[in-house]
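Trainee: Kindly generate the corresponding structure for this input.
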Amino acid sequence: MSLGRPIPESSVTEAEREALERWTRRPTTAQALAQRARLILACAEGKTNSVVALELGVTKQMADKWRDPEQLGAATMLSPRSLDGANTQTIAVELPYGIDEHCAQARRAGARILQEPQDQFHGARTYKCLNLEGHLWTFSQELTLGL
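Mentor: A predicted model of the protein is given here:
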């Protein structure tokens, strides 16, 4: 008889497993993403939160949070392009200058511009685009007031 609450099942498809394993091996993967991939793979193997935490050097709470399919879900590791366009995250970047030129460069690189650069009531100039993988980006530049 085990003590404590039951561990929620954490499973990944074969395609998701391959992508996660690739991220753990690729030298250009951000360390946080590689750690997240290792944690998801360990949870999918049925390891307890304590074992996952000990093996990966994270807290039991982190292992528990990332195991929970409602909290994480396998889709959050994939790009919108691989999920029939379902957006999994958005990115906001503040530029110091040159937002119009930045938008033109993004368009030349293949981004789909959703909102052309325009001044906002809150004192910034912004534009929105989708990159080639389908992630939503919002770029802004603070407007200087001519006093």
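
Trainee: Buried residues of stretch 129-138, list them for me.
Mentor: Across stretch 129-138, burial judged by 16 or more other CB atoms under 10 Å covers C129, L130, N131, G134, H135, L136, W137. No exception for glycine: its C-beta is placed from N, CA and C like everyone else's.

Trainee: Quick check: the second one vs K60, distance?
Mentor: Computed with CB to CB, to the nearest Å, the distance linking L130 and K60 is 37 Å.

Trainee: Tell me how many other residues surround the closest residue to T59 other than its chain neighbours.
Mentor: The spatially closest residue to T59, leaving aside those adjacent along the chain, is A53, at 5.9 Å (CB to CB, 6 or more residues apart in numbering). As a burial measure, A53 scores 19 neighbours (other CB atoms under 10 Å).

Trainee: With A19 instead?
Mentor: Here the number of neighbours of A19 (other CB under 10 Å) works out to 17.

Trainee: mind checking how far stretch 113-123 is from the chain centre?
Mentor: Relative to the chain's own centre, stretch 113-123 is displaced by 24 Å; criterion: CA atoms, centre = their mean, to the nearest Å.

Trainee: How about residues contacting that stretch?
Mentor: Residues lying outside stretch 113-123 but in contact with it, judged by CB atoms under 8 Å, 6 or more residues apart in numbering, are 99-100, 103, 106-107, 125-130, 136, 140, 142-143, 145.

Trainee: returning to that earlier point: need phi/psi at the residue nearest to T59.
Mentor: Main-chain dihedrals, A53, degrees, to the nearest 10: phi -60, psi -50.

Trainee: which parts of stretch 107-115 are buried?
Mentor: A111.
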